[in-house]
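# Generate coordinates for the sequence data below:
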Amino acid sequence: MEPRISFVTLGVGDLERATRFYAEGLGLPRLKSPPTVSFFELGQTWLALYPRHLLAVDAGVTAEGSGFPGFALAHNVRSIAEADRLLEDVVRAGGRIVRPARHTEWGGYAGYFADPDGFLWEVAWNPRFPHV
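Numbers count the residues shown, from 1 in each chain. Just a heads-up that it's a prediction; the model follows:
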């Protein structure tokens, strides 16, 4: 297998709300999409928003479940100020701060937010991360 991820698909409870959060709230570039899914280009990886119950059917699993999903998405920024601004934007867009940004033991600065469906995102400034 080639070392890459093509899509990250989030099963969302309200496609319209989730699309608005990512497009208008976070300013992600939305791609032309059919009515049942929303695509956003994130460099060489695409983010897909798809109704949770349809994603479960497609995967052949139950849509029931709650709590910690066992993963977090991460977005690295160029500065501490950029991390703080992004987290402020998240709140205005309808997201929720899970852990406010703070200096980390690894020499960076990071915080977490949850999107309207509860998916966790880490926002981090890492002075040693080369891809921002």
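# Stretch 125-132 spans what distance, first to last residue?
9 Å (CA to CA, to the nearest Å).
# List the buried residues for that stretch?
Of the residues in stretch 125-132, Trp125, Asn126 count as buried by neighbour count, 16 or more other CB atoms under 10 Å. Where you see a C-beta, it was placed from the backbone N, CA and C, and this is true even at glycine.
# contacting residues around it?
Stretch 125-132 is contacted from outside by Asn76, Val77, Arg78, Ser79, Ile80, Glu82, Ala83, Trp106, Gly107, Gly108, Tyr109, Ala110, using CB atoms under 8 Å, 6 or more residues apart in numbering.
# same question, stretch 81-89
With CB under 8 Å, 6+ apart, stretch 81-89 has contacts from 25-27, 75, 77, 97, 100-101, 109-111, 113, 123-125.
# Any of the residues you listed buried? List them.
Buried among the contacts of stretch 81-89 (16+ other CB under 10 Å): Gly25, Leu26, Val77, Ala101, Tyr109, Ala110, Gly111, Phe113, Val123, Ala124, Trp125.
# The last one - nearest residue in space that isn't next to it in sequence?
Going back to what we said before, that points to Trp125. Closest residue in space to Trp125, ignoring its immediate chain neighbours: Tyr109 at 4.5 Å, by CB to CB, 6 or more residues apart in numbering.
# Kindly provide the distance from the one you found to Leu15.
33 Å (CB to CB, to the nearest Å).
# Quote the end-to-end distance of stretch 91-108.
Distance across stretch 91-108, first residue to last, is 22 Å (CA to CA).
# Let's have the contacts of stretch 125-132 in JSON lines, adding distance to Ser33, secondary structure and pLDDT.
Shown next, in JSON lines, are those (distance: CB to CB, whole Å; DSSP: H, G, I helix; E, B strand; the rest coil; pLDDT from 0 to 100):
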{"residue": "Asn76", "distance to Ser33": "26", "secondary structure": "strand", "pLDDT": "94"}
{"residue": "Val77", "distance to Ser33": "26", "secondary structure": "strand", "pLDDT": "95"}
{"residue": "Arg78", "distance to Ser33": "29", "secondary structure": "coil", "pLDDT": "95"}
{"residue": "Ser79", "distance to Ser33": "32", "secondary structure": "coil", "pLDDT": "96"}
{"residue": "Ile80", "distance to Ser33": "34", "secondary structure": "helix", "pLDDT": "97"}
{"residue": "Glu82", "distance to Ser33": "28", "secondary structure": "helix", "pLDDT": "96"}
{"residue": "Ala83", "distance to Ser33": "29", "secondary structure": "helix", "pLDDT": "97"}
{"residue": "Trp106", "distance to Ser33": "37", "secondary structure": "coil", "pLDDT": "88"}
{"residue": "Gly107", "distance to Ser33": "39", "secondary structure": "coil", "pLDDT": "94"}
{"residue": "Gly108", "distance to Ser33": "34", "secondary structure": "coil", "pLDDT": "95"}
{"residue": "Tyr109", "distance to Ser33": "34", "secondary structure": "strand", "pLDDT": "97"}
{"residue": "Ala110", "distance to Ser33": "31", "secondary structure": "strand", "pLDDT": "94"}
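# With that, I have no additional questions.
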